[in-house]
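Colleague: Give me the fold of what follows.
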Amino acid sequence: MTARQIGTARLEVIVTDITTLRVDAIVNAANSSLLGGGGVDGAIHEAAGPELLAECRTLNGCETGNAKITRGYLLPAKHVIHAVGPIWYGGNRGEDAQLASCYRRSIELCRANNLISIAFPAISTGAFRFPADRAAKIAVKTVVEALTQAPDVTRVTYCCFSMPSGELHQEALDAFGSPCA
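Modeller: Alright, predicted model coming up:
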């Protein structure tokens, strides 16, 4: 996959296990309880250890479209940003705006916590059934726009679980910026 330079940030798409990445923050595709679940949420909680769940219990959940930050504990990532994406109901209940808000809030939390590198999963595309192609376009467009307000964020990784998801994110990313060497 080809990385893109957009402003001061390098954006890339990879297909791997997000729990293995050594970045300032990985984003958890969380549910509103923030107490773990299936998919990437369960994998992150398992890899981080029980301290992550203990800290999440103190956060009193999170609304759809918002995000909260915790420490990374046993993960190589220093922090976990828990973003609650929307459940797909056909696109007429504000799902696009809620998904965009997850990505925007995650970049805002990076800025507020002086973090320079972040890795996103394909939020809401698993159990929440958000159409993967639509989600990839929203993910890339929103992050590119949000980076204008967060110039210190210099590395963004879209960490996809499958090659088809990676290809959709790469297509969306190819519409922006110039390739990196």
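Colleague: for this structure, what are the low-confidence residue spans?
Modeller: Within the chain, the stretches with pLDDT under 70 are 177-181.
Colleague: And the strands in it?
Modeller: Using DSSP state E, the strands of the chain run over 4-6, 9-15, 25-30, 67-71, 79-84, 117-120, 155-160, 178-179.
Colleague: check contacts around the residue nearest to the spatial centre of the chain.
Modeller: Centroid-nearest residue in the chain, with CA atoms, centre = their mean: Phe120, separated by 2.7 Å. Phe120 makes contact with Val27, Tyr103, Ser106, Ala139, Val143, Val156, Thr157, Tyr158, Cys159 under the criterion CB atoms under 8 Å, 6 or more residues apart in numbering. The way it works is simple: take the backbone N, C-alpha and C, and place the C-beta from them, glycine included.
Colleague: Distance-wise, check it relative to Thr157.
Modeller: 7 Å (CB to CB, to the nearest Å).
Colleague: Just the buried residues of stretch 135-145, please?
Modeller: Of all the residues in stretch 135-145, those buried under the rule 16 or more other CB atoms under 10 Å are Ala135, Ala136, Lys137, Ile138, Ala139, Val140, Thr142, Val143, Val144.
Colleague: now do stretch 81-94
Modeller: Buried residues in stretch 81-94 (16+ other CB under 10 Å): Ile81, His82, Ala83, Val84, Gly85, Pro86, Trp88.
Colleague: now swap in stretch 92-112 and tell me
Modeller: 95-96, 98-111.
Colleague: Can you get me a residue count around the closest residue in space to Pro151 that isn't next to it in sequence?
Modeller: Leaving aside its chain neighbours, Pro151 sits nearest to Thr8 (5.6 Å; criterion: CB to CB, 6 or more residues apart in numbering). Using other CB atoms under 10 Å, Thr8 has 13 other residues around it.
Colleague: go on, Gly42?
Modeller: Using other CB under 10 Å, Gly42 has 12 other residues around it.
Colleague: Which residues are in contact with it?
Modeller: Here Gly42 is in contact with Gly36 (CB under 8 Å, 6+ apart).
Colleague: before we move on, the earlier item: can you say which two of the buried residues of stretch 81-94 are spatially most distant?
Modeller: Farthest-apart pair in the buried residues of stretch 81-94 is Ile81 and Trp88; separation 21.4 Å (CB to CB).
Colleague: Alright, calling it a day.
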